[in-house]
Every structure is written in C-alpha cells, then in structure tokens.
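Undergrad: I would like to see how this sequence folds:
(chains A, B and C)
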Amino acid sequence: MSEIEFHKKYKIEINDFDLKQTLECGQCFRYQKLDENSYIIVARERVLKIEQDNNFFTFYTSEEEFHSIWEDYFDLKNDYKAIKNLLAEKDEYLKKAVEEKHGVRIIKQEPWETLISFILSQTKQIPHIMALVEALSKAYGEYLGSYMGKEYYSFPGFEKLKRVSEEEYRALKTGFRAVYLFDAVKRANENLLDLEELRTKETGYIREELKKIKGVGDKIADCVLLFAYSRTEVFPTDVWIKRLMAHFYAIDESNTSLISKFAEEYFGELGGYAQQYLFYYGRDNKLGK
DNA sequence: GACCAGGGTAACT
DNA sequence: AGTTACCATGGT
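TA: Next up is the predicted model:
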C-alpha cells in the first residue's frame, strides 16, 4: 500500500470559489473531507489534495497540472461574479441563494462517471450514493494509493466493467439499479453509446441518446448534460427542485413539465447555475419541507 | 413498522 | 396524456 506524498504544491488566489460549497453541493460524489479547510478528491484517474485559506488555495500538484487539468475541472476561468449578479437581479430567493452559496462552481466531471453515478442516485440519499460509487470503484477501479489510512481507487471505465454481471452489481447493494448499470455498460461496450462523440452534439440530441439507456430519464440525462457536458442552460428537475419551485414560485410540484417550461423561460441560459444555487441553498436550509 | 431518499418503468385509466 | 404501484436498500 503506497502512501501518497503530495510533495508538490501550487498556491493561487481565486475569487468566487469555496471548496466545501463546490464539493458538498451535491454535484459530485468522490471527495473526502480531511478537516474544515482541506479535501481529497478523486477524478481523472488521479488523487488530489486541496486546501483553502480564505481566497487562497493550495493544490497539491504541479502548476502545470493545475493549469492543464484542475483549472478547467473546477471551471475556474468562468466569471461567476457576473453570473451571480445576473441571478441576484431576478428575485429575492436567488439573491439569498447566491449570497449564501457564493463559492459554488459547476464541476466538469467525466461523462461516464457522471452517468453511472446519477443512475445509482435514484431514490437514494447523497451519503448512500457516495457509498455506492465508492464500492463500485473499490471493486473494479484501479488502486491509486493511500493517504491517512484510506485507500483511493479510480472510477472504473466501461471496458473494466465489461464482464461484470447483474448479480455482481447487486452484491454491491445497487438493488434495482443493477439492470440499469448492466445496460449502460453493455451499450458503451457495443459502441451504441459513445460519450466522447456526444460531447460535441446538440443538447437535445444528447438527451435523447442518453435516455435510450435503461433507467435514464430526463433528470439523469440533464445531470450528465450539466455536470459533465457543461450544458449550463439545462435545469435538472428532481424531488428537491420540485418542492423548492413550489415553495419559491408557487408552481404545482407534481407537474414536472410545467416546472421545466417555467425554468426555461425564467432562467434562460442560466438555468443550470440557478438550479444548483437553489438546490444547495434550499436543501441546506431544509426549505420547502 | 411506516415513510422517504438528487427516478424511471410499466401498467393502468 | 396523465396517474400510480413498484422497484432494492438504508436511515430515521
């Protein structure tokens, strides 16, 4: 078991960015909190340690890797101050949400990991989702090293999952999602699903292609579009958002299509950002019951 | 033990 | 086209 050293460091000042908020807002499932100001994340076949001291961040990697990978991964070149200003002008709820959750950034995650993670997410609470993703990685991913008594594994690609049976997925406590996992892996391996090719396609086309996978509907497809393909105009509509839209804007929470239509007109191109600020703000403050 | 969790499907009206 | 039971599992 090789201990990861993290001997390289790159320190940089970044505004409108908060580690806790960005990692714990519900968009990603593979982070480990070390203490109040530092986290370990596993992404892109790597383990990264990050520390935050107000607006200063220490990335335990080279400056070169920060610029080639993590700056893009955390969407750090995007002007979130401008985005937050536009949202805050819309109404009091958004104003409060962007003020309280001022450091959220929409991470650019890998499409495959995002797809599988959100397939696993259905009718699960976030800690459970994290446990399932962890179990899947430990069972079929690559060992990347250990740090402070914890082992880290990469997220397994579809090639690595090619020979895995539904029963083996069930053994990981994935429940009825095992069939969905199996179908996604099968499609990817049979070239019926090419997530890299989809990257450049139109949003609507990507959504329809993703929905061909068993167990993938509008919500999961939209999460992949937002969190992996950076289609920041989409508005993933889950149980929380339904309740919150009823709470904030008096829209019937049982009418998902009406909520989507309202979001499209009201938030426009900023739908994805609005969704994430409202989701995190609402969930964290237990709004909408 | 009932009820719910970052949903989706199939079988109903 | 719009409801509803059900899916597997873990936590309150």
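
Undergrad: immediately after the host helix or strand of residue A:204, which helix or strand?
TA: Assessed by DSSP states H and E, residue A:204 sits inside helix A:203-210. Counting by DSSP H and E, the next helix or strand C-terminal to helix A:203-210 is helix A:218-227.

Undergrad: check whether that following helix contacts DNA strand B.
TA: Yes: Helix A:218-227 is in contact with DNA strand B by C-beta under 7 Å from any atom of the strand, via A:218, A:219, A:220, A:221, A:223. To be clear about C-beta, it is placed using only N, CA and C from the backbone, and glycine gets the same treatment.

Undergrad: quick one, that helix and helix A:203-210 angle?
TA: Between helix A:218-227 and helix A:203-210, the angle comes out at 130 degrees (axes from the mean of the first three to the mean of the last three C-alpha atoms, to 10 degrees).

Undergrad: and helix A:218-227, what does it pack onto?
TA: Here helix A:218-227 touches helix A:111-120, helix A:203-210, helix A:271-284, going by 3 or more C-beta pairs under 8 Å, 6 or more residues apart in numbering; DSSP states H and E.

Undergrad: ranking the ones you listed by burial, who's on top?
TA: helix A:111-120 (a mean of 24; mean count of other C-beta atoms under 10 Å).

Undergrad: what mean pLDDT does it have?
TA: Across helix A:111-120, pLDDT averages out at 98.

Undergrad: now do it: everything it contacts.
TA: With contact meaning C-beta atoms under 8 Å, 6 or more residues apart in numbering, helix A:111-120 is reached by A:29-30, A:43, A:129, A:132-133, A:136, A:155, A:157-158, A:174, A:177, A:180-181, A:184, A:188, A:195-196, A:198-199, A:210, A:213, A:215-216, A:219-220, A:223-224, A:227-229.

Undergrad: got it, and stretch A:262-271?
TA: For stretch A:262-271, contacts defined as C-beta under 8 Å, 6+ apart pick out A:83, A:86-87, A:90, A:232-235, A:237, A:245, A:249, A:251, A:273-275.

Undergrad: which of these fall in strands?
TA: In strands, judged by DSSP state E, none of the contacts of stretch A:262-271 are found.

Undergrad: those: which two are farthest apart?
TA: Maximum pairwise distance in the contacts of stretch A:262-271, criterion C-beta to C-beta, is 23.2 Å, between A:83 and A:251.

Undergrad: who's in contact with the closest residue to residue A:287 other than its chain neighbours?
TA: Using C-beta to C-beta, 6 or more residues apart in numbering and skipping residues adjacent in sequence, the residue nearest residue A:287 is residue A:247, 5.7 Å away. By C-beta under 8 Å, 6+ apart, the contact set of residue A:247 is A:282, A:287, A:288, A:289.

Undergrad: ok, now residue A:135?
TA: A:172, A:173.

Undergrad: just the pLDDT for it.
TA: Note on residue A:135: pLDDT of 98.
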